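Q: I need the structure of the sequence given here:
(one chain, ligands or ions: 1)
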Amino acid sequence: MRAERLQKTYPGSGLVLRSFDLTVHRQEVLAIVGPSGVGKTTLLQILAGLIPADSGEIWFDGSRLVRPSQRISVVFQEYGLFPWRSTRRNVDFPLEVARVPRRERRERTQQALDAVGLTDAADRYPHQLSGGMRQRAAIARALVVRPDLLLLDEPMSALDVMTKRKVRQQLADLVRRTQLTTVIVTHDLGDAAHLADRVVVLAGHPAEPLAEHILDRHLAEHEQLDRLVAFVERHADTGSWSHQLLVDADGRRE
Ligand SMILES: Nc1ncnc2c1ncn2[C@@H]1O[C@H](COP(=O)(O)OP(=O)(O)OP(=O)(O)O)[C@@H](O)[C@H]1O
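A: Numbering: from 1, shown residues only. Next up, the predicted model:
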């Protein structure tokens, strides 16, 4: 996917993106990190075709993206599960909408539930699930359409620390196993260090990609994180997000 010269203005908030370029390589996990309010969600929603940019273009597999595509799945921070549907029927929902034949739906839904470890919770309703299970259900629903691109918006920020670690590990295993091209936006450098192959740091108004960091998967996790934190501190004025660095990088910097 390639985004070219994206521009976005909100009434009252001014210019959030100006002439913004971004390339997502096939099969990579790209993390976009930056302080709260910099424009990460805006960027992700534009990439998903959910909100229009004022100008600029997005190219995806040789064609221009102008509306949401079945080949791109998005997972939001707040899960967005339907409370009146069981986990299985939540996961099945996109296939139902796409009028996929019943038998194929059953198989694909089961595979997606298995992939996130929710087989035993398939008949429970969202209120009967833990936060981590709800988030995994949302991820299963994103996977069931077999997307070519997975977009994740702060997918673990509503989870407590222990659950978050578990879900993060499962997500890391999943994206590596499936080699699914993934973009995750987060202000949590721990998520980026754990999941990403490449990290782009955003800062400023309008947001600019300041620098990018390639993670070395041969390093231990805490070394990855230390290097990433040092990289961000070198390139960004972290005054506005030092609190997040301290708190969210799993307490390691406190
Ligand atoms: N619908 C909207 N109308 C007006 N301003 C908006 C709207 N959505 C976002 N903004 C503003 O645009 C800027 C970027 O918001 P955005 O949600 O993309 O940032 P973010 O980096 O995702 O923040 P966070 O990490 O807190 O979710 C912010 O200043 C925000 O207040």
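Q: rest of the way, CA atoms for contacts and neighbours
A: OK.
Q: Mark out where each domain of the chain begins and ends.
A: Here the domain assignment for the chain is 2-71+149-248, 81-146, based on automatic domain parsing.
Q: which residue does the stretch 151-254 of the chain bring closest to the ligand?
A: For the stretch 151-254 of the chain and the ligand, the shortest gap (C-alpha to the nearest ligand atom) falls at H187, measuring 6.1 Å.
Q: What number of residues are in the vicinity of the closest residue to L195 other than its chain neighbours?
A: In space, not counting the residues next to it along the chain, L195 is nearest to A172; the distance is 5.3 Å by C-alpha to C-alpha, 6 or more residues apart in numbering. The number of residues packed near A172 is 16, by other C-alpha atoms under 10 Å.
Q: pLDDT score assigned to A172?
A: Looking at A172, its pLDDT reads 90.
Q: Kindly report the same for D250.
A: Per-residue confidence (pLDDT) for D250: 48.
Q: swap in W241?
A: According to the prediction, W241 has pLDDT 58.
Q: is it true that the residue of the stretch 151-254 of the chain closest to the ligand touches G34?
A: Yes: assessed by C-alpha atoms under 8 Å, H187 is found in contact with G34 at 5.4 Å.
Q: The two: which has the busier surroundings?
A: For the pair H187 and G34, the greater number of neighbours falls to G34 (29 against 25), based on other C-alpha under 10 Å.
Q: so who does that one touch?
A: Contact analysis of G34 by C-alpha atoms under 8 Å, 6 or more residues apart in numbering lists K40, T186, H187, V201, L202, A203.
Q: mind redoing it with 10 Å?
A: Counting by C-alpha atoms under 10 Å, 6 or more residues apart in numbering, G34 touches 40, 185-189, 200-204, 207-210, 232, 236, 238, 240-241, 244.
Q: Now the spatially closest residue to it that is not a sequence neighbour: phi and psi?
A: Excluding its sequence neighbours, the residue lying closest to G34 (C-alpha to C-alpha, 6+ apart) is L202, at 4.8 Å. The main-chain torsion angles of L202 are listed as degrees, to the nearest 10 and equal phi -110, psi 140.
Q: Spatially central residue in this protein, please.
A: Centroid check for the chain by C-alpha atoms, centre = their mean gives L152 as the closest residue, at 1.5 Å.
Q: ok so, going back, does the residue nearest to G34 have beta-bridge partners, and which?
A: Each beta-bridge partner of L202 is listed here, defined by DSSP bridges: P209.
Q: tell me the pLDDT at it?
A: The score at L202 is 89. That number is its pLDDT.
Q: you'd agree it is up against T41?
A: No: the pair L202 / T41 is not scored as a contact, 11.8 Å apart, by C-alpha atoms under 10 Å.
Q: and the contacts of G34, which are buried?
A: When burial is judged by neighbour count using 16 or more other C-alpha atoms under 10 Å, the buried members of the contacts of G34 are 40, 185-189, 200-204, 207-209, 232, 236, 238, 244.
Q: Out of these, list just those in strands.
A: When the buried ones among the contacts of G34 are checked against strands using DSSP state E, the ones located there are V185, T186, V200, V201, L202, A203, E208, P209.
Q: Among these, which pair sits farthest apart?
A: Largest separation among those by C-alpha to C-alpha: T186 and E208, giving 15.5 Å.
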